[in-house]
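1. Dropping the sequence and predicted coords here.
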Amino acid sequence: MGRTARRSFDLHQIEIVPSRRTRSSKEVSTAWRLDAYRFEIPLMTHPTDAVVSPATAVRVGELGGLGVLNAEGLWARHADAEGALARVVAAAEDEDPTAAIRMLQELHSAPIQPDLLAEALKTIREAGVTVAARVSPQRARELTPALLAAGVEVLVVQGTIISAEHVSAGEPLNLKEFIAELDIPVVAGGVGDYRTAMHLMRTGAAGVIVGYGQSSATTTDSVLGIGIPMATAIVDAAAARRDYLDETGGRYVHVIADGGMDGSGDMAKAIACGADAVMLGEQLADAAESPGTGLYWTSAAAHPSLPRSEISGFVPSDRSLETVLFGPSTSPYGNVDLFGALRRAMAKTGYSDLKEFQRAGLTVRG
């Protein structure tokens, strides 16, 4: 009594409606452009050390996506980041389920060393792929000068939930002023509704992340009681993008879906709801190049006082990252050949590119 709640939907609760035509998947384009940077597949990696090392960021770039390195992760804190990861993997085998989390917290208590961060980013830059790094809103002002000096071309300002108006007794990050001072595109998030997406777009962000990387590892809904119904949230953000486009006379802000996608079918639904690209993490943990050797967690797992991700274990495979993204596949579950499946979904429903596919019809399961 006296309260209302909006009905909302996750991606698994909706379906894509085919159009009146079909086409060959060879005639479908999955390319997208963020500011001046073109990518052959609509992929950004979730910035977790579990799946993104400098080497895997390079490989993702070579395969047509955008690898995002966590600028507050192990590669920025430890000269032997691979050794630090090995300690996490070893702790995950302990009978105590919190041992690996404690190890991550301990490893992240080491200070960020700008020279280590610069060396990690140098590896990506010298490979000739687009250099992207993630910072939290709390450390964006502190770390961005070092990131710019190291050649970062796309900056991702990402927290569990981010807003354009953070109320604080201290001096909070003013995203609008912060972005205006930069000459590189900034992607910010995550958000979960129309109003917050619109506010972030008005800060000058080139892209807005919808979601917080919901996966089998994340526990944000259990810890904070905050959940994001991804289908509804993406549609909301796409509506904000349309209204902002009208408001500004043509400035287009990209919507990136992060989380709530179990496999390629959910990826297709995210784009059909209006996303320009998807941010994948857990789906890449299966690749042989994954630094976590089959384990997955988000950066929130290392929070010093309130971790919001567990460490999930997957059976390591010998599949290459290229196979995970482009096949061939022997799995019927949508976890291999992710972008081949996206192309086929677009072709089967009659759409030739991502912008067309965003206009696909949708139905809700009863």
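-> Alright, I've got the coordinates. Remember, it's a predicted structure, so these values are computed and weren't measured experimentally.

2. longest helix anywhere in the protein?
-> For the chain, the helix reaching the highest residue count under DSSP state H is reported as helix 230-248.

3. Can you dump the C-alpha atoms of it in PDB for me?
-> These are the backbone C-alpha positions of helix 230-248, laid out as PDB (Å, rounded to 0.1, in the frame of the first residue of the first chain):
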ATOM      1  CA  MET A 230      19.200  -6.200 -18.000                       C
ATOM      2  CA  ALA A 231      16.600  -6.300 -20.800                       C
ATOM      3  CA  THR A 232      14.700  -3.400 -19.200                       C
ATOM      4  CA  ALA A 233      17.800  -1.500 -18.300                       C
ATOM      5  CA  ILE A 234      19.200  -1.700 -21.900                       C
ATOM      6  CA  VAL A 235      15.900  -0.600 -23.400                       C
ATOM      7  CA  ASP A 236      15.900   2.300 -20.900                       C
ATOM      8  CA  ALA A 237      19.400   3.400 -21.800                       C
ATOM      9  CA  ALA A 238      18.600   3.100 -25.500                       C
ATOM     10  CA  ALA A 239      15.600   5.400 -25.000                       C
ATOM     11  CA  ALA A 240      17.900   7.900 -23.200                       C
ATOM     12  CA  ARG A 241      20.300   7.700 -26.100                       C
ATOM     13  CA  ARG A 242      17.500   8.500 -28.600                       C
ATOM     14  CA  ASP A 243      16.300  11.400 -26.500                       C
ATOM     15  CA  TYR A 244      19.800  12.700 -25.900                       C
ATOM     16  CA  LEU A 245      20.500  12.500 -29.700                       C
ATOM     17  CA  ASP A 246      17.400  14.700 -30.200                       C
ATOM     18  CA  GLU A 247      18.400  17.000 -27.300                       C
ATOM     19  CA  THR A 248      21.900  17.600 -28.700                       C
END
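
4. list the helices and strands that helix packs on?
-> On a contact count with 3 or more CB pairs under 8 Å, 6 or more residues apart in numbering; DSSP states H and E, helix 230-248 meets helix 194-201, strand 207-214, strand 254-259, helix 264-273. Backbone N, C-alpha and C define where each C-beta goes, glycine included.

5. So which other helices or strands are in contact with the last one?
-> Packing partners of helix 264-273 (3+ CB pairs under 8 Å, 6+ apart): strand 14-17, helix 230-248, strand 254-259, strand 277-280, helix 338-348, helix 354-357, strand 361-364.

6. Would you mind listing the outside residues contacting the second one?
-> Going back to what we said before, that points to helix 230-248. Contact partners of helix 230-248, identified using CB atoms under 8 Å, 6 or more residues apart in numbering, comprise 6, 8-11, 13-14, 191-195, 197-198, 201-202, 208, 210-211, 214, 251-255, 257, 259-261, 269-270, 273-275, 358, 362.

7. And for the first one?
-> Contacts made with strand 14-17 from outside it, assessed by CB under 8 Å, 6+ apart, are listed as 231, 268-269, 272-273, 345, 349, 360-365.

8. try 6 Å
-> Outside of strand 14-17, the residues within contact range by CB atoms under 6 Å, 6 or more residues apart in numbering are Ala231, Lys269, Ala272, Thr349, Ala360, Gly361, Leu362, Thr363, Val364.

9. about what we covered before: narrow the contacts of helix 230-248 to those that are buried.
-> 8-11, 13-14, 191-194, 197-198, 201-202, 208, 210-211, 214, 253-255, 257, 259-261, 269-270, 273-275, 358 (16 or more other CB atoms under 10 Å).

10. Give me the contacts around stretch 1-13.
-> Pro229, Met230, Ala231, Thr232, Gly260, Asp266, Lys269, Arg365.

11. Straight-line length of it, end to end?
-> 27 Å (CA to CA, to the nearest Å).

12. how distant is that stretch from the center of its chain?
-> Chain-centre distance of stretch 1-13: 24 Å, with CA atoms, centre = their mean, to the nearest Å.
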